[in-house]
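> This is a predicted model, with the sequence first.
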Amino acid sequence: MQSKQLRIGIVGTGMISNITAQAINAASNAAISSISGRDPETLNNFADQHQIASRYDDWKKMIASSDVDAVYIGVPTSAKEEIAIQAAREGKHILVEKPFADFESLKRISASARENKVAFMDATHFTHHPRTKKIQENAAVQIGTIQGIHTSFFFPFLDRTNIRYNTQLEPLGAIGDMGWYVARAIVEYMPNASEILDITTFIQRDPQTNAIYRGSGMIKFKGNPISNWDIGYNAGVCIMDLDLLGTEGLITMDDFVLDWSKGFAFDDKNHIAGYTLRKGMATPKEFEYVDSPTGKAQTVHMIENFAELIFEENGQTIESVIKKAEDTQFILDSISNSIQE
């Protein structure tokens, strides 16, 4: 018996939509039904590359189609809300690229999803890697009570023609783009981080475009867990470090955003995804590496989890997924509102 297939329409033909299209085509329970884009040449090239027959130059017509069950929205931040709300009103489930314009914008999207009884998920890849669930299940036993989290996310990227340097389309620059992962790591790995008591954020702006291309800060939560973080485009190296500090040890990763073996930017077939466990005064030869291998890219896991969320029609699970998006954007807003130039 053939499994159900979620028919997904894609809005947007940029780089991130290309990555998502590859993931949909690799997923066992989803397929691309159609694509919409504004530029005819780019639209046709994208559709030909991913073998998509149904093509629209108007996203409103696409999401109204009876051939679309769900919509992936991979457009600039300023355009996401209108498309997401309209899709929900059409009864389409929505998978939306992050970040969002702000917390209020996200709440309008989530309210529309709840009102129209459709699933809403943000397109954060690493949360769907089996490693994330493994850490969540094992952290209390392995490292005790969480005291803090440190994240460092850099990649060398000084292409001023990219949308990330367009202050009109992406006003928060690196804070919105990479800061989302800072906030999401807190949501996923620090369950005792609730109310923010204090927060400080420092930024650097690109002298050519005035876009934010570096940020660093600290957040203190009620109960004393602390997050400190550092992100940006202006270092000549890719860094994806995460340290989860507990009362009895440390969990650490150097690829928490895109795993080295199957992240879309990396393909190290000899690397086994996992994390390092350290305790006490252990030296490197005593560190324990905890394997968490997967046969699929985390982008594929994301698509399959999105489809399962819809097919299972579990309202409680859908609500928890929406809540994670809301909590992440709330922390990101708190970061942006605390910026000191």
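Cool, the structure landed. Source: prediction; values computed, not measured.
> where along the stretch 201-341 of the chain do the helices fall?
Ranges of helices in the stretch 201-341 of the chain, per DSSP state H, counting those that start in this stretch, are 298-312, 315-337.
> What helices and strands are in contact with the longest one?
Packing partners of helix 315-337 (3 or more Cβ pairs under 8 Å, 6 or more residues apart in numbering; DSSP states H and E): helix 103-115, strand 120-122, helix 174-177, helix 179-189, strand 196-205, strand 212-221, helix 298-312. All C-beta spots, glycine's among them, are computed from the backbone N, C-alpha and C.
> Can you lay out the ones you listed as TSV showing mean pLDDT, distance to residue 335 and mean neighbour count?
Putting the helices and strands packed on helix 315-337 into TSV (pLDDT from 0 to 100; distance: least, Cβ to Cβ, whole Å; neighbours: other Cβ atoms under 10 Å) gives the following:
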stretch	mean pLDDT	distance to residue 335	mean neighbour count
helix 103-115	98	11	18
strand 120-122	98	16	25
helix 174-177	94	6	24
helix 179-189	97	6	24
strand 196-205	96	5	15
strand 212-221	97	6	22
helix 298-312	97	24	22
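> Distance to residue 136 added to these, as JSON lines?
Output for the helices and strands packed on helix 315-337, formatted as JSON lines (distance: least, Cβ to Cβ, whole Å):
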{"stretch": "helix 103-115", "distance to residue 136": "23"}
{"stretch": "strand 120-122", "distance to residue 136": "18"}
{"stretch": "helix 174-177", "distance to residue 136": "25"}
{"stretch": "helix 179-189", "distance to residue 136": "7"}
{"stretch": "strand 196-205", "distance to residue 136": "21"}
{"stretch": "strand 212-221", "distance to residue 136": "18"}
{"stretch": "helix 298-312", "distance to residue 136": "15"}
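> Relative to residue 252, which of those is closest?
The minimum distance between residue 252 and the helices and strands packed on helix 315-337 falls on helix 179-189, with 11.6 Å, by Cβ to Cβ.
> who touches the closest one?
98-99, 124, 126-127, 132, 135-136, 139, 146, 149, 151, 153, 172, 193, 215, 219, 227, 229, 231, 242, 244, 256-257, 324, 327-329, 331-332, 335-336 (Cβ atoms under 8 Å, 6 or more residues apart in numbering).
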